[in-house]
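> This is the structure alone, sequence omitted:
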Ligand SMILES: NC(=O)c1ccc[n+]([C@@H]2O[C@H](COP(=O)([O-])OP(=O)(O)OC[C@H]3O[C@@H](n4cnc5c(N)ncnc54)[C@H](OP(=O)(O)O)[C@@H]3O)[C@@H](O)[C@H]2O)c1
């Protein structure tokens with residue numbers, strides 16, 4: 001697909017982001033991710049969703065830098081996203097994390113840097129998972145506002161073009177807006193028909209913050225997910241009926257659902273056929289009634305509860321909170 005035919009979303013700072021990006025969590029940095037990124041570039045992707053914690057950013061960087069050297073793409077046509085990890089939440093450490101990510105990517109700037117989660121972990125040497133004798137993750141007690149201010153510093157230093165947040169509830173978004181000067185361009189959260197995020201979407205959009213849908217297919221392959229609804233989205237009768245109607249597959253319906261609602265979407269795949277088909281979603285359009293029907297499937301299913309951090313302050317998935 002011609003990358004120029006991939007729609008973009010205008011962010012609150014005037015920057016355009018391709019509405020679909022390739023997710024890279026759990027993509028193996030053993031050559032698999034390199035091949036996937038190169039194939040994705042051929043298939044028309046220009047937006048790549050990465051994170052320090054995925055521990056594979058060197059390989060994404062190698063693939064995009066090779067494509068630049070080969071003349072396939074220019075750096076300014078790419079949209080590289082990464083996320084600051086929870087052990088880096090002081091103002092200074094957030095900037096240190098961004099510099100580390102840039103070194104891994106071998107690129108001069110990030111298009112978008114996100115505060116990965118609202119909780120923080122204690123800094124213990126260079127470990128990404130500080131764990132106490134009881135086996136529990138050790139709390140960092142650092143406010144996400146500090147990490148976000150570190151990202152504001154990165155904008156001023158020219159290290160990142162845009163900044164945002166991930167996994168923030170409505171209250172956390174508001175608290176951040178009240179305490180900082182740059183409005184985040186996006187809040188990246190899990191979203192699919194079983195977790196439509198309609199209230200959070202409306203709340204963020206009123207404040208100029210887009211939503212980015214992660215795990216838009218419900219992450220059917222994740223080893224971190226053993227919930228009964230795992231894999232069900234792709235077999236849901238409503239999704240299958242729409243797939244038949246439009247001559248598309250279930251994954252394409254789930255992705256088009258997000259883009260038709262104005263969400264940015266970042267499906268992950270390392271499978272060549274799925275990488276290609278996941279971006280072939282701009283030759284049909286769901287009706288408003290079909291979007292409503294899919295939103296009506298919401299059953300508060302989260303593929304990613306991040307259970308091992310549920311004891312930490314600011315963990316966003318309190319079942320008592322109505323998102
Ligand atoms: N901000 C955060 O905290 C956060 C959390 C989770 C994810 N994310 C981001 O969002 C991205 C996507 O989310 P995700 O990886 O959790 O899940 P996902 O994109 O919903 O699902 C990925 C899984 O679905 C398979 N798949 C891909 N396309 C498919 C299709 N068309 N039909 C059937 N199966 C398909 C993939 O396998 P193959 O690779 O074999 O195709 C993989 O197992 C991540 O990679 C990451 O970049 C962010």
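It's in. In this text the structure is predicted, and so the values were computed from the model without any measurement.
> What parts of the protein come near the ligand?
Neighbours of the ligand within the chain, by C-beta under 6 Å from any ligand atom: 23-26, 49, 116, 166-167, 188, 214-222, 234, 251, 266-271, 274, 277-278, 304. For every residue, glycine as well, the C-beta is placed using N, CA and C.
> Show me what counts as buried in the helix or strand in which residue 241 is found.
Element membership of residue 241, judged by DSSP states H and E, is helix 237-246. Neighbour-count burial for helix 237-246, counted by 16 or more other C-beta atoms under 10 Å, picks out 239, 242, 243, 246.
> cool, and stretch 225-241?
For stretch 225-241, by 16+ other C-beta under 10 Å, it's 225, 229, 231, 233, 234, 236, 239.
> Give the helix, strand or coil label for the closest residue to the third one other than its chain neighbours.
Right, residue 231. The shortest distance from residue 231 to any non-neighbouring residue, by C-beta to C-beta, 6 or more residues apart in numbering, is to residue 220 (4.2 Å). With DSSP: H, G, I helix; E, B strand; the rest coil as the basis, residue 220 sits in coil.
> residues in contact with residue 220?
By C-beta atoms under 8 Å, 6 or more residues apart in numbering, the contact set of residue 220 is 230, 231, 233, 234.
> try residue 36
22, 27, 269, 270, 272, 275.
> And the pLDDT at the fourth one?
So that's residue 270. Looking at residue 270, its pLDDT reads 98.
> quick one: furthest residue from the center of the protein?
No residue in the chain sits farther from the centre than residue 133, which is 32.0 Å out by C-alpha atoms, centre = their mean.
> Test my guess that residue 23 contacts residue 214.
Yes: applying C-beta atoms under 8 Å as the test, residue 23 and residue 214 come out as touching, 6.9 Å apart.
> Please enumerate the shared neighbours of the two.
With C-beta under 8 Å, 6+ apart as the test, residue 23 and residue 214 both reach 49, 266.
> about what we covered before: quick check, nearest of the buried residues of helix 237-246 to residue 4?
residue 246 (23.0 Å; C-beta to C-beta).
> Which pLDDT does the model give the closest one?
Listed pLDDT for residue 246 reads 98.
> got it, and residue 224?
69.
> Repeat that for residue 304.
pLDDT recorded at residue 304 is 85.
> give the contact list for it.
By C-beta under 8 Å, 6+ apart, the contact set of residue 304 is 190, 214, 215, 219, 222, 224, 225.
> among those, which ones are buried?
Buried members of the contacts of residue 304, scored by 16+ other C-beta under 10 Å, are 190, 214, 215, 219, 222, 225.
> tell me the phi and psi of the residue lying closest to residue 104 once chain neighbours are set aside?
In space, and not counting its chain neighbours, residue 104 is closest to residue 57: 4.2 Å by C-beta to C-beta, 6+ apart. Torsion angles at residue 57 (phi, psi; degrees, to the nearest 10) stand at phi -70, psi -30.
> these two touch, right, residue 57 and residue 103?
No: judged on C-beta under 8 Å, residue 57 makes no contact with residue 103 at a distance of 9.4 Å.
> Looking at these two, which is more packed in?
With neighbours defined as other C-beta atoms under 10 Å, residue 57 and residue 103 compare such that residue 57 has more, 26 against 12.
> OK, contacts around the more buried one?
50, 51, 82, 101, 104, 105.
> just to revisit the earlier point, for the helix holding residue 241, what is the distance to the chain centroid?
With C-alpha atoms, centre = their mean, to the nearest Å as the basis, helix 237-246 stands 26 Å off its chain's centre.
> now what about that helix, what contacts it?
Contacts of helix 237-246 (C-beta under 8 Å, 6+ apart): 193, 233, 248-250, 252-254, 284, 286, 290, 293-294, 297.
> got it, and stretch 279-298?
Residues from elsewhere that reach stretch 279-298, judged by C-beta under 8 Å, 6+ apart: 1, 5-7, 20, 40, 43-45, 193-196, 198, 236, 238-239, 242, 246-248, 252-253, 255-257, 259-261.
> And it, what's buried?
Buried, per 16+ other C-beta under 10 Å, within stretch 279-298: 279, 280, 281, 286, 290, 291, 293, 294, 297.
> next one: stretch 30-48
Buried positions in stretch 30-48, judged by neighbour count with 16+ other C-beta under 10 Å: 33-34, 36-41, 43-48.
> Check stretch 89-106 too.
By neighbour count with 16+ other C-beta under 10 Å, stretch 89-106 contains the buried residues 89-91, 93-95, 97-98, 100-102, 104-105.
> Quick check: the two most widely separated of the buried ones among the contacts of residue 304?
Every pair of the buried ones among the contacts of residue 304 checked by C-beta to C-beta; the farthest is 214 and 225, at 12.9 Å.
> just to revisit the earlier point, the buried residues of stretch 30-48 in helices, which ones?
Taking DSSP state H, the ones among these that sit in helices are 33, 34, 36, 37, 38, 39, 40, 41, 43.
> now those as a markdown table including pLDDT?
As requested, these are exported to a markdown table (pLDDT from 0 to 100):
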| residue | pLDDT |
| --- | --- |
| 33 | 98 |
| 34 | 98 |
| 36 | 98 |
| 37 | 98 |
| 38 | 98 |
| 39 | 98 |
| 40 | 98 |
| 41 | 98 |
| 43 | 98 |
